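here is a sequence with its predicted model. Questions after.
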Amino acid sequence: MTQIYNFSAGPAVLPKPVLERAQAEMLDWHGSGMSVMEMSHRGKEFTSILAKTEADLRTLLNIPDNYKVLFLQGGAIAENAIIPMNLLGADLKTGEADYVVTGAWSKRSVEDASAYGKINVVATSEVESSEAEKFTHVPAFSSWKLNKDAAYLHICTNETINGVEFDGLPDAGNVPIVADMSSHILSRPIDVSQYGVIYGGAQKNIGPAGLCIVIVRDDLLDRASPLTPAVFNWKTQAENQSMINTPPTYSIYIAGLVFEWLLAQGGVVAIEQQNIAKATLLYNYIDSTAFYSNNVALNNRSRMNIPFFLRDESLNDAFLKGAEANGLLQLKGHRMVGGMRASIYNAMPIAGVQALVAYMQAFEQAH
Ligand code: PMP
């Protein structure tokens with residue numbers, strides 16, 4: 001059977017040992033006689049799973065004690081609205097926040113947040129005239145027109161669709177930075193203390209869809225509008241171990257297995273080295289030939305999501321068909337950008353990237 005490599009942007013590939021373990025534990029979790037799916041979220045079995053999952057995430061990201069970790073539902077798109085509700089202050093309409101637009105996802109965040117308060121776009125890399133060139137870099141930090149009275153500064157540190165990743169953080173003074181890290185959380189070490197809020201949907205580097213992780217600094221928990229639904233009120237959830245409602249228990253369980261796997265790999269320091277090796281392999285090949293291209297600024301090229309184009313776009317269908325026949329799945333680019341996209345998250349082995357490059361070489365030779 002052909003070895004399959006799945007380059008989906010998300011839901012995405014999970015580590016095989018995690019899936020095997022979930023399979024082994026499916027019918028009877030640790031002698032409990034139950035599947036995790038069948039357990040009460042308030043029972044001792046599941047509360048032990050949740051506690052271990054949070055503890056391992058804290059270890060992996062070195063999360064300081066003055067940050068709460070929330071396991072919520074609604075995904076990152078729901079957070080686009082939940083963030084202003086929690087941070088713009090009691091009287092939403094008078095609140096103001098700064099947003100930087102570096103791709104489709106941060107643009108969407110602006111659109112969603114704008115219903116709740118005054119949203120200032122303080123920098124953008126959008127080029128209206130071309131879909132392919134639309135977002136290809138993070139504007140220089142010195143050009144950002146930051147407001148010192150903003151309730152927060154929102155950024156998306158890895159743009160999944162455009163393949164644009166931050167290579168540093170601006171100095172926002174006392175304004176808390178709120179970062180959508182959905183598609184590169186846990187791919188590299190970060191200094192959590194530089195952020196007010198970090199959030200991300202699980203379905204790329206964490207686990208199955210349905211879980212959204214929010215890491216929030218304690219002092220930001222007192223600012224929610226009274227209109228915030230209880231399930232989306234970070235303070236209420238923090239005070240109730242994310243259990244004001246029924247949390248997505250099975251997704252949390254798989255996330256816990258992924259965290260254990262990541263710790264066994266050597267944590268984010270070790271996985272970063274693998275991610276650098278994988279991304280370098282693919283970018284080096286793309287740059288070595290005129291047959292393929294990637295037009296993201298070198299210092300903002302994402303290690304996780306690598307969009308690329310064939311010089312002759314009429315070959316796109318043949319490229320994808322041949323890729324699939326070679327076990328290389330879900331390489332079609334996002335409809336907004338076109339071309340191809342290889343998402344190479346933590347769980348993608350280097351062998352998958354090697355197989356992709358070998359196929360790209362063979363395809364180039366054949367055409
Ligand atoms: N932000 C980023 C960076 C994403 O990649 C995605 C999903 N691809 C989202 C937000 C939206 O996530 P969801 O569909 O889970 O709400």
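Sure, I can see it. Numbers count the residues shown, from 1 in each chain.

quick one: name the residues of the stretch 101-250 of the chain near the ligand.
Applying Cβ under 6 Å from any ligand atom, we find that the stretch 101-250 of the chain lies next to the ligand at 105, 156, 160, 180, 182-183, 201. (Each C-beta comes from the backbone N, C-alpha and C, glycine too.)

columns pLDDT on top of these, output as JSON lines?
Putting those into JSON lines (pLDDT from 0 to 100) gives the following:
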{"residue": "105", "pLDDT": "98"}
{"residue": "156", "pLDDT": "98"}
{"residue": "160", "pLDDT": "98"}
{"residue": "180", "pLDDT": "98"}
{"residue": "182", "pLDDT": "98"}
{"residue": "183", "pLDDT": "98"}
{"residue": "201", "pLDDT": "98"}
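
what's the closest of these to residue 242?
Out of those, the one with the shortest distance to residue 242 is residue 201. That distance is 15.2 Å, counting by Cβ to Cβ.

what's around that closest one, how many residues?
For residue 201, the count of nearby residues is 27 (other Cβ atoms under 10 Å).

now do the one 3 residues further on
Residue neighbour count, defined by other Cβ under 10 Å, stands at 29 for residue 204.

next: residue 309.
Look at residue 309: counted by other Cβ under 10 Å, it has 19 neighbours.

how about the strands in the stretch 51-200 of the chain?
Using DSSP state E, counting those that start in this stretch, the strands found in the stretch 51-200 of the chain span residues 67-72, 96-101, 118-124, 153-156, 158-159, 164-165, 177-180, 197-201.

of those strands, which stretch is the most buried?
Burial of the strands of the stretch 51-200 of the chain is given as mean neighbour count (mean count of other Cβ atoms under 10 Å); strand 158-159 ranks first at a mean of 30.

by contact count, what packs against it?
In terms of contacts (3 or more Cβ pairs under 8 Å, 6 or more residues apart in numbering; DSSP states H and E), strand 158-159 is packed against helix 104-113, strand 164-165.

roughly how far out does the helix or strand containing residue 318 sit from the chain middle?
When elements are defined using DSSP states H and E, residue 318 is found to belong to helix 316-325. Shown here is helix 316-325, whose average C-alpha point lies 27 Å from the average C-alpha point of the whole chain (Cα atoms, centre = their mean, to the nearest Å).

nice, that's everything, thank you.
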